[in-house]
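Colleague: build the 3D model from these lines:
(chains A and B)
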Number of protein chains: 2
Amino acid sequence: MLYFIGLGLFDEKDISLKGIEILKNVDIIYAEFYTAKLFGSTLSSLENIIESPIEVLSRKQVEEEDIPIKSGLNKDVAFLTAGDPLIATTHSDMVIHAKKRGIKTQVVHASSIISAAPGLAGLQAYKFGKVTTIPFPEKNYFPHSPYLTIKANMGIKAHTLVLLDIRAEENRYMTANQGLDYLLKVEKERNEKIITENSIAVIIARAGSSKPLIKANRIHNLLNEDFGGPLHSLIIPSPLHIMEAEYLVKVAGAPESILEETI
Amino acid sequence: MLYFIGLGLFDEKDISLKGIEILKNVDIIYAEFYTAKLFGSTLSSLENIIESPIEVLSRKQVEEEDIPIKSGLNKDVAFLTAGDPLIATTHSDMVIHAKKRGIKTQVVHASSIISAAPGLAGLQAYKFGKVTTIPFPEKNYFPHSPYLTIKANMGIKAHTLVLLDIRAEENRYMTANQGLDYLLKVEKERNEKIITENSIAVIIARAGSSKPLIKANRIHNLLNEDFGGPLHSLIIPSPLHIMEAEYLVKVAGAPESILEETI
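Modeller: Predicted coordinates for the structure are as follows:
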């Protein structure tokens, strides 16, 4: 048996009771923190709660050496990931592999930025389009795809949740400032007036913590602000409903001028 | 202080440890089950875990009589909802009201169908477009909006998560069969060839339980199948990536012919 158990958004207490119950009964517990990680917690605080050791696996151990699948052949195995499980494609792959080998699987869900962000920002969840991720740019690598996703979403009047690159192995986490800067650079190259310094953006930092930061403003007012520690994410809204705009003004410090731009 | 605490997807053990910890320390606990409810659980099993009573409020008590907000003026109040909090617009409204009255708020996130469905279906989360809900049709009320959302999403190559109407007060929960039938009826009226009997749909039933049903097939093969108890939801995918199709064949029983229709 192979359990995929989500750790949720922020710390060792975002896992569900169901997850804890299963962890207390399995033979081996693995975790991976290369697709995402918890910022409010250490591994040992989770180990203390479940009173068992957790073995953290590298990408190579999971994807090439197939350690969780091999252990699952004759043991009850839990595989922990930050957020809600199976969001990363590499985990759906593991489900297929387990199925091929006759190993039963069960998913224990948890909180995810995908459902948390709309609510925290007071934006209507059913108005969100495709999610996109901004990667760290490199020499000869500066994809326009995040911008193009925002453009496509705007075409159907949908907001965009923009996730920011995580390179856990190098301890690099893209800030909201870097993300906004990236989008403005694409705008400069394409000149399609999709995202300008005057556009509204919503910053969400440390979602799942007791004091997440939610800040909405025109991009030029956000570029040089310090939003504190990771993780950050962004929302680029399509035209706002009046109730959404009111929330951003009252709760996220947006300027009142946005109330006049609603649909 | 007003805590919005998510109960997650299915039963009393889908709440987070953080949620339980807060519930053990607040003065009053309210819950609403009119926007959604837990199917795998009773109120008393949750009350047993937290060792405190929970008062279930009606829509009128929450939205007109403002009971949670009024209690929050001088007490620590928890407000429980199924799924992840603030997904329903009515809850974001409560955050604004609390803010206006100087009441601090905190959100404790939990699992939601919005992030759970893509993973369970093996579909790439970043390829989902807008979520839509199919309402129970009534005389002179048969909106085409769910169909139009699917059409708009397909236009940007996005999958659609289709939620199905919940009328908790009347104990009516739309089945996946009724949802598919609704979409085919809209197709018949519009004749735009967006959703036909030959289209692929994915059924998800009882997400969050230990044995959720995940079934993919052409719609004509699904229409008369029995998917068991509530809640059901649907996914109408846009053209599939080969890995997504492989998952649907291996894990969700889709016919192998879909492997030849991938992009």
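
Colleague: how about the helices in chain A?
Modeller: Counting by DSSP state H, chain A has helices at residues A:17-23, A:43-50, A:59-63, A:67-72, A:89-100, A:113-120, A:145-155, A:176-190, A:219-222, A:242-252.

Colleague: distance of A:K37 from chain B?
Modeller: Counting by C-beta to the nearest C-beta, to the nearest Å, the gap between A:K37 and chain B amounts to 17 Å. (Glycine included, C-beta is placed from N, CA and C.)

Colleague: quick one: that residue and A:A168 touch, right?
Modeller: Yes - between A:K37 and A:A168 there is a contact under C-beta atoms under 8 Å: 5.4 Å.

Colleague: what about the residue nearest to A:I156 when sequence neighbours are not counted, distance to B:L38?
Modeller: Spatial nearest neighbour of A:I156, excluding adjacent residues (C-beta to C-beta, 6 or more residues apart in numbering or on different chains): B:A152 at 4.3 Å. Distance, B:A152 to B:L38, using C-beta to C-beta, to the nearest Å: 32 Å.

Colleague: between these two, which one's more packed in?
Modeller: B:L38 (24 against 20; other C-beta atoms under 10 Å in any protein chain shown).

Colleague: would you mind measuring from that one to chain A?
Modeller: Distance from B:L38 to chain A, by C-beta to the nearest C-beta: 12 Å.

Colleague: that residue and B:F10 touch, don't they?
Modeller: Yes - using C-beta under 8 Å, B:L38 is in contact with B:F10, at 6.2 Å.

Colleague: show me what contacts A:L9?
Modeller: By C-beta atoms under 8 Å, 6 or more residues apart in numbering or on different chains, the residues touching A:L9 are A:38, A:82-83, A:110-113, A:116, A:207-208, B:109.

Colleague: which stretches of chain A have low pLDDT?
Modeller: Applying pLDDT under 70 to chain A flags no residue at all.

Colleague: please identify the buried residues of stretch A:21-38?
Modeller: The neighbour-count check on stretch A:21-38 (16 or more other C-beta atoms under 10 Å in any protein chain shown) flags A:22-23, A:26, A:28-38 as buried.

Colleague: so how far is that stretch off the chain centroid?
Modeller: Between the centre of stretch A:21-38 and the centre of its chain there are 18 Å (C-alpha atoms, centre = their mean, to the nearest Å).

Colleague: compute the first-to-last residue distance for that stretch.
Modeller: Stretch A:21-38 stretches 20 Å from its first residue to its last (C-alpha to C-alpha, to the nearest Å).

Colleague: how much space between the residue nearest the centre of chain A and chain B?
Modeller: In chain A, the residue lying closest to the centroid (C-alpha atoms, centre = their mean) is A:I113, at 4.6 Å. Counting by C-beta to the nearest C-beta, the separation of A:I113 from chain B is 8 Å.

Colleague: got the contact list for that residue?
Modeller: Here A:I113 is in contact with A:9, A:83, A:161, A:163, A:204, A:207, A:231, A:233 (criterion: C-beta under 8 Å, 6+ apart).

Colleague: wait, what's in contact with A:I219?
Modeller: A:180, A:184, A:195-201.

Colleague: hang on, the earlier thing: mind picking the two most distant members of the contacts of A:L9?
Modeller: Across the contacts of A:L9, the longest distance by C-beta to C-beta is 13.9 Å; it joins A:L38 and A:A116.

Colleague: ok, now how distant is the residue in chain A sticking out farthest from the centre from A:I22?
Modeller: For chain A, the residue at maximal distance from the C-alpha centroid (C-alpha atoms, centre = their mean) is A:N74, at 33.0 Å. A:N74 sits 18 Å away from A:I22, going by C-beta to C-beta.

Colleague: which ones are touching A:T35?
Modeller: Per C-beta under 8 Å, 6+ apart, neighbours of A:T35: A:81-82, A:88, A:90-91, A:166, A:168.

Colleague: how much space between it and chain B?
Modeller: Counting by C-beta to the nearest C-beta - A:T35 and chain B are separated by 12 Å.

Colleague: next up, phi/psi of that residue, please.
Modeller: phi -90, psi -20 (degrees, to the nearest 10).

Colleague: give the contact list for the closest residue to chain B within the stretch 101-250 of chain A.
Modeller: Residue of the stretch 101-250 of chain A nearest chain B, by C-beta to the nearest C-beta: A:G119 (2.9 Å). By C-beta under 8 Å, 6+ apart, the residues touching A:G119 are A:125, B:84-87, B:91-92, B:107.

Colleague: if we can go back for a sec, which single one of the contacts of A:T35 is nearest to B:V56?
Modeller: Closest to B:V56, out of all of the contacts of A:T35 and judged by C-beta to C-beta, is A:A82, at 32.9 Å.

Colleague: stretch A:123-137 near chain B at all?
Modeller: Yes - for stretch A:123-137, a contact with chain B is found by C-beta under 8 Å from any C-beta of the partner chain, at A:124-133.

Colleague: from these, which is closest to B:Y173?
Modeller: The closest of those, once distances to B:Y173 are taken by C-beta to C-beta, is A:Y126, at 18.6 Å.
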